[in-house]
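>>> quick one, what's the 3D model for this:
(2 chains)
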Amino acid sequence: MHSLIVQTGKHKGKKIVLPDKEVIIGRDETSFIRMTSTDVSRQHCSLTPTAKGLLVRDLGSQNGTIVNRVRIEVETLLQPGDLLQIGPIQFELAGARPAKAAGAIDDDIFGWLSEGDTATEIPNSSDTTIVKASQLSPAPQAEHKTKFKSLAEEARDIIRRHRESLGEK
Amino acid sequence: MSTDADIDPRMAPAIVHRILVVEDDADTASFLKTLLEREKYEVTVAKDGGQAHSMFVMKKPDFVILDLILPGESGFEVCDRLKTLERFVPVLILTAIELDDAKNLAARVGADAYMTKPFDPDELLLQIKQTAQEVWLRSRAEDSDAADNKPVRFACKCGKRFKVSRQHRGKTLTCPNCGEPVLVPRHD
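Numbering: from 1, shown residues only, chains lettered A, B, ... in the order given. Modelled structure (predicted):
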């Protein structure tokens, strides 16, 4: 069972326990968490509980769904301690954060991360202030990856387009 | 175990001996084999990704010529796998696909050169030498970077940035932020 803790506004500190099924957050009256701000779309995003964490899916909202200060482009898995911003309100997924670090990645891989780059720093570091020009190069790669689920899928798409182009000639 | 693989790359010049040709078309494969053997290369031919992988492990080639359209696994995936095993074995893509996206993806999976079919045999032979030299120089440059202990910096698509040791290039880690797999880039 997941719960969100409101981080901003007059409901700050309030805990919202989520049911064990997919729920919608939005301005619509049928939403599980209803927000009246016009910055929030009628059906803004959905939250689905999974074994690995809480899956957030943006439902084509006008202003986007923000996770840890980054607008999500794809379905994103929230772990305890992650911040979810919808319109003016920020939520934090409740739970013990250290458990997340140990559970989400292998100890071996965790050891790769250099000091200062571990997951525990995420809530404190704003991505917009740290990005340097030299670090922007991976961005085009990220764009590609959002279009395709896997390398195999992207490869198939390219080969298909190649075959189509041969057919046209 | 091969002893060749244990030679310090800083001591060895970029000379290619064994070439693995991954090509499912029998005529093209035969043509390439004849052409390369005439140049005194030792040539092994693989018809698909599975054979390519086995031959790569068994024969320890020092150069790979790779077609992209193969039965089953595509050449992109084969390149990705081979480069995960051995980052500094040069991979030259030889394909009929001229799309820019194919060239970009090939670069992303670590391919070192890209040539389109039909090809000029002399140009291919030259390209093999040039590519081997480039990869060799890059391996030396990375060695000196490694000596400086410069970490690799990259970002997950969720925006989370990482800084990891160079030895993990080509490996995949799970982003602690979004749970998605992230590849540690092979090149800067």
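>>> centre of the chain versus the helix or strand harbouring B:Val135, how much separation?
Using DSSP states H and E, B:Val135 maps to helix B:121-148. Put simply, helix B:121-148 sits 11 Å off its chain's centre (CA atoms, centre = their mean, to the nearest Å).
>>> average pLDDT across it?
Helix B:121-148 carries an average pLDDT of 85.
>>> spit out the contact partners of the residue nearest the centre of chain B.
Taking CA atoms, centre = their mean, the centroid of chain B lies closest to B:Val91, which sits 3.4 Å from it. Contacts for B:Val91 (CB atoms under 8 Å, 6 or more residues apart in numbering or on different chains) come out as B:64, B:66, B:79, B:82-83, B:110-113. In this view, the C-beta of every residue, glycine as well, is placed from N, C-alpha and C.
>>> these in helices, which ones?
Secondary structure assignment (DSSP state H) places B:79, B:82-83 from these within helices.
>>> most neighbours out of these, which is it?
Ranked by the number of neighbours (other CB atoms under 10 Å in any protein chain shown), the ones in helices among the contacts of B:Val91 place B:Cys79 first, at 28 neighbours.
>>> could you pull out the helices for chain B?
Ranges of helices in chain B, per DSSP H, are B:26-38, B:49-59, B:75-85, B:100-108, B:121-148.
>>> just name the most buried of these.
Mean neighbour count (mean count of other CB atoms under 10 Å in any protein chain shown) peaks for helix B:75-85 among those, with a mean of 22.
>>> who are the packing partners of that one?
Helices and strands touching helix B:75-85, by 3 or more CB pairs under 8 Å, 6 or more residues apart in numbering or on different chains; DSSP states H and E, are helix A:151-168, helix B:49-59, strand B:63-66, strand B:91-95, helix B:100-108.
>>> could these be laid out in TSV, adding mean pLDDT and distance to B:Val16?
As requested, those are exported to TSV (pLDDT from 0 to 100; distance: least, CB to CB, whole Å):
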stretch	mean pLDDT	distance to B:Val16
helix A:151-168	89	27
helix B:49-59	92	13
strand B:63-66	97	5
strand B:91-95	96	11
helix B:100-108	92	20
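>>> can you check which of the ones you listed gets nearest to B:Trp136?
B:Trp136 lies closest to strand B:63-66 among these, at 11.0 Å (CB to CB).
>>> so what touches the closest one?
Strand B:63-66 is contacted by residues B:16, B:18-23, B:32, B:41, B:52, B:56, B:75, B:78-79, B:82, B:89-94, B:111, B:124, B:128, B:131-132 when judged by CB under 8 Å, 6+ apart.
>>> give me the number of residues near the closest residue to A:Ser165 other than its chain neighbours?
Distance criterion CB to CB, 6 or more residues apart in numbering or on different chains; nearest residue to A:Ser165, sequence neighbours excluded, is B:Leu99 at 7.4 Å. By the measure other CB under 10 Å, the count of residues near B:Leu99 is 14.
>>> who are the contact partners of B:Leu99?
So B:Leu99 contacts A:158, A:161-162, A:165 (CB under 8 Å, 6+ apart).
>>> residues touching B:Glu73, list them.
A:152, B:48-50.
>>> bridging residues for the nearest residue to A:Leu78 once chain neighbours are set aside?
Once flanking residues are discounted, A:Leu78 sits nearest to A:Leu54: 4.3 Å by CB to CB, 6+ apart. Bridge pairing for A:Leu54 (DSSP bridges) gives the partners A:Pro49, A:Leu78.
>>> now B:Thr172
With DSSP bridges applied, B:Thr172 shows beta-bridge pairing to B:Leu183.
>>> picking up where we left off before, possible to save the contacts of B:Val91 as JSON lines with distance to B:Asn177?
JSON lines is the format used below for the contacts of B:Val91 (distance: CB to CB, whole Å):
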{"residue": "B:Val64", "distance to B:Asn177": "35"}
{"residue": "B:Leu66", "distance to B:Asn177": "34"}
{"residue": "B:Cys79", "distance to B:Asn177": "28"}
{"residue": "B:Leu82", "distance to B:Asn177": "30"}
{"residue": "B:Lys83", "distance to B:Asn177": "26"}
{"residue": "B:Gly110", "distance to B:Asn177": "25"}
{"residue": "B:Ala111", "distance to B:Asn177": "29"}
{"residue": "B:Asp112", "distance to B:Asn177": "32"}
{"residue": "B:Ala113", "distance to B:Asn177": "35"}
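>>> what is the nearest residue to A:Ile33 once chain neighbours are set aside paired to in the beta sheet?
Excluding the flanking residues, the one nearest A:Ile33 by CB to CB, 6+ apart is A:Ile25, at 4.5 Å. With DSSP bridges as the criterion, A:Ile25 is bridged to A:Ile33, A:Cys45.
>>> kindly report the same for B:Ala155.
Counting by DSSP bridges, B:Ala155 is bridged to B:Arg161.
>>> ok, B:Val91 next?
Counting by DSSP bridges, the residues bridging with B:Val91 are B:Val64.
>>> just the buried ones from the contacts of B:Leu99?
A:158, A:162 (16 or more other CB atoms under 10 Å in any protein chain shown).
>>> helices of chain A, start to end?
A:97-104, A:107-110, A:127-130, A:139-147, A:151-168.
>>> kind regards, and thank you for your time.
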